[in-house]
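Peer 1: dropping the sequence and predicted coords here.
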Amino acid sequence: MTNRLAGTTSPYLLQHAENPVHWQPWDEQALTSARVEDKPILLSIGYSACHWCHVMAHESFEDPAVAEVMNRLFVNIKVDREERPDLDHIYQSAHQMLAGRPGGWPLTLFMTPDGTPFFAGTYFPKQPRFGLPSFPDLCEQIADLYRTRATEIAEQNRSLRQALTATLPQRSNGLAHDHNPVDANLQLLLSSFDPRYGGFGAAPKFPHTTDLAFLLRHSDDGETANSALISLTRMAEGGLYDQIGGGFFRYSVDERWEIPHFEKMLYDNALLLGVYADAWALTERPLYGQIIEETIAWAERELQLPGGGFASSLDADSLGEEGRYYRWYRDEIRALLTADEWSVACRHWGLDGPANFENRYWHLRVAAQLAPDDSPSLTASRAKLLAHRAQRAFPRRDDKVLAAWNALMITGMVRAARVLDRADWLASARRAMTFVRTALWRNGRLLASWRDGKAYLSAYLDDYAFLLEALIEFMQADFRSDDMTFALALANALLEHFEDRESGGFHFTADDHEALIHRPKPLHDNATPAGNAVAIQALQDLGRLVGEQRYFDSAERALALFQPQIARPGGISSLVMALEDALTPPATVILRGPRDTVVDWSRRLARAPGKRRLTLALANGIAPLPDALDRPSADSAKAWICTGTACQAPIADFEALRRALSAG
């Protein structure tokens, strides 16, 4: 027996295809059923790697008695939040308004047939616990409210829709941009910095990669740089990082980064790659290079698909237990290692102390630093443990390819390849870019998702903005004219279908997207950077590369719209960085000459700390080039430093170029 989810593509929805609940995907058929039958909608939003989504599924959605209640009272709709971030954006905001607290996953909403929620929550247990009612009892109470309190629900729905509309930013004329938000954002982050364990605030702790990237931009200040570097070091040494297989888990449940929530998401690792690359360029600390190398190796081994694209995530659970794939018994490790290897591993990972996971297992983290002579022993131990772990039941992989998340991964890999001079990483990123362009770019528009040979769902703001950013990063590592052509096509589609040309800013959904109860313009960073912020910065960068004023104009309209929000920092580091680049434009460095020489200069500049800049290595023979980049071929390398529309005289010596950039 299956429900309508059996005909979907999402791995998350397919997990629920055999539930006794009569689940339906979000589509016109399901919404029409609610209207025709005059039944409320029970909307459940989650994703395949979500532990508490699995808990609620096992407790309630797989139980025939609970399913009977749901099927009798509601039209039941399941949504994969990774496929439909548009719905997740709207209904997380609605949950905040209805419940008075942030949401999460699973997100559970009860809605009128027009899609307006009148009650919202997250996880509900089958039996009353955690101060929560039982889910079956709640369903009965909600259905009774729908039948007996229709007038009050209708009035509340009107108020909710008005409140959602009120969240859209309103332009304030006459406010001028200045650097005050930059200073305010710095002070806010430093005030919440944890000097002992790194990171920001208390448990649970998330990486906050956009905040770390912002702090590293201001590395000329010792306190600011130190806060970012301490955070990156503690995360790398903690249990947030997989000490055996590489890659980061989603967040830590404690302030010490010791025990994570065990799902591994592509976007977290993608964003952290770029931040660790920036930290390595600043410090050349071996730890940061090691983390980059191991994380890319993990992603290529466990997430990259044969066609080049990257899968979305690995589950927190295996065989129904959270973290089972990653946890260890102490004696299990001892039995796999030699006496000398055990001596080193025991000290390094704190295996001589008490169990740190569920009072009987060890989740590995760095407890003590090793002497350099111990490194070969630890390397051998890790290889043995990785091989042993590979024999366990592997966590479920969500193998859909998302345009936005792959774009983030491409950006992170290319940034790392530029800084550490790794042609193999660049080639791997190129395979992913080729896959996205081949599979998801159709007739001048982008699609959001791909799985099993099928591309589907119209793309969102993040897909366009993140992919444009990835192409700009690629052009700095390996300039190809077709990347520029693709970038221009993406930018033009972004302006045509997402920009609010009257008020400014970018909607999350395109102008021809399905009509929903709200059309947001997200400006806050969450697990990924705000699409509006990335769009602004990418358009400014592209404008500098091609000399196109309308890209600057679009970015300026958006900054003007968000200016009141920028003046009140908190969760907007990406937007503040876009403002910085508008106020103090980064230099564009154009390198022209023999390929080997200009590529070498470009690599050396990628490692050089300093202010953000765009560097284009344009070997002789590359054509066509935009007028803003077109420079004459030369027998020896020459560099032009351009700011705005003005370029300095060409520089023919690398050390002179370095000095000129440092002086600027």
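Peer 2: Thanks, I have it. Numbering: from 1, shown residues only.
Peer 1: what is the burial count for Ala339?
Peer 2: 7 (other Cβ atoms under 10 Å). All C-beta atoms are positioned from the backbone trio N, CA, C, and that covers glycine.
Peer 1: okay, it: pLDDT?
Peer 2: Per-residue confidence (pLDDT) for Ala339: 97.
Peer 1: check Met97 too.
Peer 2: Reported pLDDT for Met97: 97.
Peer 1: check for me that it belongs to a helix.
Peer 2: Yes: counting by DSSP: H, G, I helix; E, B strand; the rest coil, Met97 is part of a helix.
Peer 1: how far away is it from Gln565?
Peer 2: Here the criterion is Cβ to Cβ, to the nearest Å. By it, Met97 lies 18 Å from Gln565.
Peer 1: more neighbours: which of the two?
Peer 2: Gln565 (17 against 14).
Peer 1: against His348, how distant is Gln304?
Peer 2: Noted for Gln304: a distance of 29 Å to His348, by Cβ to Cβ.
Peer 1: meant to ask about Thr122
Peer 2: Separation of Thr122 from His348 (Cβ to Cβ): 38 Å.
Peer 1: with Phe474 instead?
Peer 2: Plainly put, Phe474 is 38 Å away from His348 if you go by Cβ to Cβ.
Peer 1: do the same with Ile230
Peer 2: Ile230 sits at a distance of 20 Å from His348 (criterion: Cβ to Cβ).
Peer 1: check Glu62 too.
Peer 2: From Glu62 across to His348, the span is 42 Å (Cβ to Cβ).
Peer 1: which one's more surrounded, the two?
Peer 2: His348 (20 against 15).
Peer 1: and that one, what's its pLDDT?
Peer 2: Per-residue confidence at His348 stands at 97 (pLDDT).
Peer 1: please enumerate the strands of the stretch 501-650 of the chain.
Peer 2: 587-593, 613-619, 638-643, 646-647 (DSSP state E, counting those that start in this stretch).
Peer 1: ignore the last one, the stretch 101-250 of the chain
Peer 2: Assigned strands in the stretch 101-250 of the chain, in chain order: 107-111, 117-121 (criterion: DSSP E, counting those that start in this stretch).
Peer 1: ok, which of those strands comes nearest Arg451?
Peer 2: Smallest distance to Arg451 across those (Cβ to Cβ): 22.4 Å, for strand 107-111.
Peer 1: parallel or antiparallel, list what pairs with the closest one.
Peer 2: Here strand 107-111 has these sheet partners by DSSP bridges: strand 41-46 (antiparallel), strand 117-121 (antiparallel).
Peer 1: can you pull the buried residues of that strand?
Peer 2: For strand 107-111, a neighbour-count test (16 or more other Cβ atoms under 10 Å) marks 107-111 as buried.
Peer 1: report the rounded mean pLDDT for stretch 630-644.
Peer 2: If you average the pLDDT over stretch 630-644, you get 93.
Peer 1: flag every buried residue along that stretch.
Peer 2: For stretch 630-644, burial by neighbour count (16+ other Cβ under 10 Å) applies to 631, 637-642.
Peer 1: centre of the chain to stretch 213-223, how far?
Peer 2: In terms of Cα atoms, centre = their mean, to the nearest Å, the gap separating the centre of stretch 213-223 from the centre of its chain is 21 Å.
Peer 1: ugh, typo on my part, it should be stretch 28-37
Peer 2: So, by Cα atoms, centre = their mean, the centroid of stretch 28-37 is 34 Å from its chain's centroid.
Peer 1: what's the answer for stretch 338-352, then?
Peer 2: How far stretch 338-352 lies from its chain's middle: 35 Å, per Cα atoms, centre = their mean.
Peer 1: check contacts around Lys611.
Peer 2: Residues near Lys611 by Cβ atoms under 8 Å, 6 or more residues apart in numbering: 584, 586-587, 664.
Peer 1: pLDDT wise, what is it at?
Peer 2: Note on Lys611: pLDDT of 83.
Peer 1: which stretch among the strands paired with strand 107-111 comes nearest Arg418?
Peer 2: With respect to Arg418, and counting by Cβ to Cβ, the nearest of these is strand 41-46 at 36.8 Å.
Peer 1: what does that closest one rub up against?
Peer 2: Residues contacting strand 41-46 (Cβ under 8 Å, 6+ apart): 12, 26, 30-31, 34, 53, 61, 70, 73-81, 84, 87-88, 91, 105-113, 115, 117, 139.
Peer 1: swap in stretch 272-280?
Peer 2: With Cβ under 8 Å, 6+ apart as the test, stretch 272-280 has contacts from 207, 209, 212-213, 216, 228-229, 232, 236, 248, 285, 288-289, 291-292, 295-296, 409, 411-413, 415-416, 418-420.
Peer 1: let me know the average pLDDT across that stretch.
Peer 2: Per-residue scores along stretch 272-280 average to 97.
Peer 1: with stretch 226-244 instead?
Peer 2: The average of the pLDDT scores along stretch 226-244 is 98.
Peer 1: what comes up buried for it?
Peer 2: 226-244.
Peer 1: who's in contact with the residue nearest to Ser227 when sequence neighbours are not counted?
Peer 2: Distances taken as Cβ to Cβ, 6 or more residues apart in numbering put Phe193 closest to Ser227, at 4.6 Å, once the chain neighbours are dropped. Phe193 sits next to 199-200, 227, 231 when contact means Cβ under 8 Å, 6+ apart.
Peer 1: quick check: Phe193 vs Leu271, distance?
Peer 2: Computed as Cβ to Cβ, the Phe193 to Leu271 distance reads 19 Å.
Peer 1: for Ala150, same thing?
Peer 2: Separation of Ala150 from Leu271 (Cβ to Cβ) stands at 46 Å.
Peer 1: out of these two, which sits in the busier spot?
Peer 2: Neighbour count, other Cβ under 10 Å: between Ala150 and Leu271, Leu271 has more, with 26 against 11.
Peer 1: thought Thr528 was touching the more buried one, still the case?
Peer 2: Yes: under the criterion of Cβ atoms under 8 Å, Leu271 makes contact with Thr528 at 7.2 Å.
Peer 1: overlap of the contact sets of those two?
Peer 2: Leu408.
Peer 1: so Phe310 bridges to which residues?
Peer 2: Note on Phe310: beta-bridge partners Gln304, judged by DSSP bridges.
Peer 1: ok, it - how many residues close by?
Peer 2: Phe310: 29 neighbours (other Cβ under 10 Å).
Peer 1: which one among the contacts of Phe193 gets closest to Glu258?
Peer 2: For the contacts of Phe193, the residue nearest Glu258 by Cβ to Cβ is Gly199; the value is 12.1 Å.
Peer 1: against Thr165, how distant is that closest one?
Peer 2: 35 Å.
Peer 1: give me the more crowded residue out of these two.
Peer 2: Remark: of Gly199 and Thr165, Gly199 carries more neighbours, 29 against 12, as counted by other Cβ under 10 Å.
Peer 1: ok, and the closest non-adjacent residue to the more buried one?
Peer 2: Closest residue to Gly199 apart from its sequence neighbours, by Cβ to Cβ, 6+ apart: Lys205 at 4.7 Å.
Peer 1: does the one you found really touch Tyr251, like I thought?
Peer 2: Yes: with contact defined as Cβ under 8 Å, Lys205 reaches Tyr251; the gap is 6.2 Å.
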